[in-house]
Structure formats: C-alpha cells, structure tokens
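1. kindly return the folded structure for what I paste below:
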Amino acid sequence: MEQGEASTESVDGKVVSQLRKGVLEYCVLAQLREGPRYGVELLDGLSSVKVMTTSQGTIYPLLTRLRRDRSVDTFLRESPSGPARRYYTLTATGRAALAEFTASWPPFREAVDHFITSGGTHS
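-> Numbering: from 1, shown residues only. All right, here's what the predicted structure looks like:
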C-alpha cells in the first residue's frame, strides 16, 4: 500500500462498525418482539447475520441502557444448566421505539441508496 492510501479492510471495518452501532438496539428490540430472550440468545440471533455479530462487552451495556430507558424489562428464570438466567422482554416503550424505527428505516435506506447510487444528483 502506498503512502496516503487508506486500507480498504480498515475502512470496511470502521464503516460496518458505525452502521452496526446505529441499528444494534433496534435489532435487539426486534428479536424481543418474538418473546423473552436472555443475553446469549440475543447474541446468537445477531451473529446469525455476519455484519451484526457483536460481543458480550457490547450487548450487556446496551441491554442495561435499554432497561434504564424502560424499553425492556427483565426477569430471572431457572436454567437447566447452571445459575438462573436474566431474560429480557419488550415493554410498550420498546415497542413504540421499534415501531418508530421500522417506519423510519425504509425512507432512510432509500435516501442513502439515492446518494450512493446516483452520487446525490437529482434525476
């Protein structure tokens, strides 16, 4: 690589990381729409789509913030293999946030697509 050139690999990593940060909480809320889940289940669900793979060091602080914001609630359930697990459930506040995101995402995606496919010129 020549001096002054950016590495495509590092740029892709940064871009994906920034995009993931912007949508991760809504992907978590969407998973909870199907019913209660514990942290590792949420991580596994995210990891089923490669670009959404994240770590416990990211997901648990996010879940704490969502709980503080009253978007999720929690309860403990006994586990067949070890200590009780903390399950997360979607609250009315979380459902409203997810509904707002769901309504906002298509026009947002279309706007971004406009800029990246046409260079931002008017058709």
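
2. tell me which residues touch the closest residue to G35 other than its chain neighbours, please.
-> In space, G35 comes closest to T89 once its chain neighbours are excluded; the distance is 7.8 Å by Cβ to Cβ, 6 or more residues apart in numbering. C-beta coordinates here come from the backbone N, C-alpha and C atoms, glycine included. T89 sits next to 32, 35-36, 72-75 when contact means Cβ atoms under 8 Å, 6 or more residues apart in numbering.

3. ok, those residues vs A103, which is closest?
-> Lowest distance from A103 to these (Cβ to Cβ) belongs to L32, with 18.1 Å.

4. burial of that closest one, as a residue count?
-> Around L32 there are 25 other residues, counting by other Cβ atoms under 10 Å.

5. what about it, distance to R68?
-> 16 Å (Cβ to Cβ, to the nearest Å).

6. same thing with L42?
-> Distance, L42 to R68, using Cβ to Cβ: 17 Å.

7. higher neighbour count, these two?
-> L42 (20 against 9).

8. average model confidence for the helix or strand where the more buried one lies?
-> Following DSSP states H and E, one finds L42 within helix 39-47. Along helix 39-47, the predicted confidence averages to a pLDDT of 96.
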